[in-house]
Structure formats: C-alpha cells, structure tokens
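**Q** Coordinates for the following, if possible.
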Amino acid sequence: MTDNATQKTCEGLSLVGSRITFLVYDGEGRATCGQNLPGNASLDAFAECVASTRLSPIAGRTFGDVIRALSKSGGTTRELCDLSNDRVVTSYDVDLWRQDDGSVGVMLVDVTGQDRDSSSIRSLSLELAHRTKNVLAVVLSLATQTARRSRDYDEFKGRFFSHVDALSNAHDIIAATAWQGVEVGSVVEKCTAPLRSNTTVTVASAASCVALKPNAVQNIAIVLRELQGACEASDRVSCKIDEGEGGTLDLSWSCEGQHDSTGLWTDMLCRYAPISLDGAGEIDFRDDGFCYRLSIGTDQRA
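**A** The predicted structure follows:
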C-alpha cells in the first residue's frame, strides 16, 4: 500500500476475507473509517482498542501517540502488537503512515499463530531501534545548538557535556521504570547537577508524585540543566514546581544576581521544550536576574 492517492478513505477497498484490517484516523486521533473489522466490532470500539494499545511491553507510548505524531510530522512506522477485543487476543503486524491530507492510515495484518518468540524479539528490536534514533536525534540537536551559542571549544565542551550528562541521568531513571513513567520528584532529584548553596528547589507534595512520560522526563532534565548552567555565578536561585489549574504542572525558576543571559538557550526554553511538553514557556529578564516559567500539559502524564 504505497500509493497515497488510494489511501485517503476506505472507499473502493476490498479486504473482506483477508487477514488485513484498514483504518484511517484524523489528526486528532479519531477514526474516520475502517474496512474488514474483526468479528462484530464496531469502528469506534475497535479503533479505540488500537489507539489505546501500547507499542510493546516496554513502551510508554500508545498507537494513539504515534498516530498524532505522524499526523504532525509525517513519516511511516511499523510495529507488532497483541490486541484484546471481546476477550479474544489477536496478534497483528501494524503499518502506520501519514497520508497527503494529514490523516493517518493504519494497516493491521493478522499474524496470530506465527512464531511468537521471533515476533516478540522483532517487536523489541523495532522499539530499541526507534528509541536509539530518537536519542541520537536529541544528542545531535544538543551538539548543534550548543555550538551555535558557544564562543570557543572549551565553552562548547562544558555546555554540551553537561546536557548529555543530564540526558544520561534521565535515561537511567526512565530505564529503571521500564519506560513506564517517572515521578516528578525523582526527575528533579536525579536530573539536576549537585545543587550549590545558593540554590533552593521546592517540589509540592502533590506534584512530586505525578508520573511523567519518558519524553517529558528528557525535556525537563535538559531544561533544568540549562537553567542551572546559566546561574552558576548568581547570588540566589530558586525553583518551585507545583500543580496548576486543570492538572498541569507549573515550574517557576527565579535567579537573582549575575547570570549568563547571552548564552541562555531561550529558543529551547520558550519554544521547543514547551511544544514537546504540550505547555507554554516564558522568560522575563530583569536588571538583577531573570524569571522563567514553564507549564507541562496533562497529556505528558504517564
């Protein structure tokens, strides 16, 4: 199924009697049509079953997460999964791709009865390859952006290695939970450099126990390390994290005294990280320091 012109709807497809089920989701992750649904399943029920299923036993993401991401950024992906529908477990080989109109096509091939050991290994291999590519993309972005903001190699080395260290710490705690989510308290404890005497970090008890998705953990680790790096020579630094309205998380960072405003990665703090975290970020520079505020959307909860 490579001709996007024939993939936008289910009209004209003849899949009855085959082991193939075809679905189309819009950019918000809602199913718009389906073909050759299993058993007596309705479109809404089966599409919701697919969207809520995790990609693999170790994945925090669901097919719904992938569908929404593909709709925004494009591309294709392939996964293996087991779906339970009316207490019947069926194994599927799943292809997903973005179509010309922004919708996402999902083709599920019933592979029930095939060698499950090899299927599980392939599924885990696909998951590992996906995560490895994501990590390499993040590291490459860190290197590129750090180089743009550094005056010389020594400055680049210090900033870049600090961010990679924060990313490494984030992955340690993510892996420890089998990619199921990490509590905010653990993120702050593990992903900040050793706190100096001029720095106070306060995490509200209600916010501390909120578990976040792996992607959110990575982004917050990099945000915290960037803020710390800019405030090494400051007189007083405080960080507060609390629950906001509607279940969001609010991070407030305040710096008084000397700080590195010219080298601060404001694009990441106010644009890239907030987009990835389904929230908003803003920074306010003053003569005697700066204040930074970041909100983290409820969709980033594990």
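
**Q** which residues in this protein form strands?
**A** Under the criterion DSSP state E, the chain contains strands at 20-25, 31-35, 76-85, 88-98, 104-110, 182-183, 199-203, 211-212, 236-243, 249-256, 280-286, 289-296.

**Q** how about those strands in TSV, adding mean neighbour count?
**A** C-beta coordinates here come from the backbone N, C-alpha and C atoms, glycine included. Formatted as TSV, the strands of the chain follow (neighbours: other CB atoms under 10 Å):
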stretch	mean neighbour count
strand 20-25	22
strand 31-35	19
strand 76-85	17
strand 88-98	18
strand 104-110	21
strand 182-183	22
strand 199-203	16
strand 211-212	21
strand 236-243	18
strand 249-256	21
strand 280-286	14
strand 289-296	21
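
**Q** Comparing those strands by mean pLDDT, which bottoms out?
**A** Mean pLDDT across the strands of the chain is lowest at strand 76-85; the value there is a mean of 79.

**Q** Okay, now the sheet partners of that strand, with direction.
**A** strand 88-98 (antiparallel) (DSSP bridges).

**Q** tell me the angle the partner strand makes with strand 20-25.
**A** Relative orientation of strand 88-98 versus strand 20-25 (axes from the mean of the first three to the mean of the last three CA atoms, to 10 degrees): 50 degrees.

**Q** Kindly report the domain assignment for the chain.
**A** Annotated domains of the chain cover 4-112, 149-300 [automatic domain parsing].

**Q** wait, what's in contact with Thr77?
**A** Going by CB atoms under 8 Å, 6 or more residues apart in numbering, Thr77 touches Val66, Leu70, Asp95, Leu96, Trp97, His130.

**Q** Could you rerun that using 10 Å?
**A** 55, 63, 66-67, 69-70, 94-98, 126, 130 (CB atoms under 10 Å, 6 or more residues apart in numbering).

**Q** Report the beta-bridge partner residues of it.
**A** Residues in a beta bridge with Thr77, per DSSP bridges, are Leu96.

**Q** what does Val104 give?
**A** Note on Val104: beta-bridge partners Tyr25, Arg98, judged by DSSP bridges.

**Q** Tell me the spacing between it and Val223.
**A** To Val223, Val104 is 30 Å away according to CB to CB, to the nearest Å.

**Q** again, but for Cys255
**A** Distance, Cys255 to Val223, using CB to CB: 14 Å.

**Q** Overlap of the contact sets of the two?
**A** In contact with both Cys255 and Val223: Tyr292, using CB under 10 Å, 6+ apart.

**Q** Give the residue spans of the stretch 151-300 of the chain that score low on pLDDT.
**A** The model of the stretch 151-300 of the chain has pLDDT under 70 over residues 178, 193.
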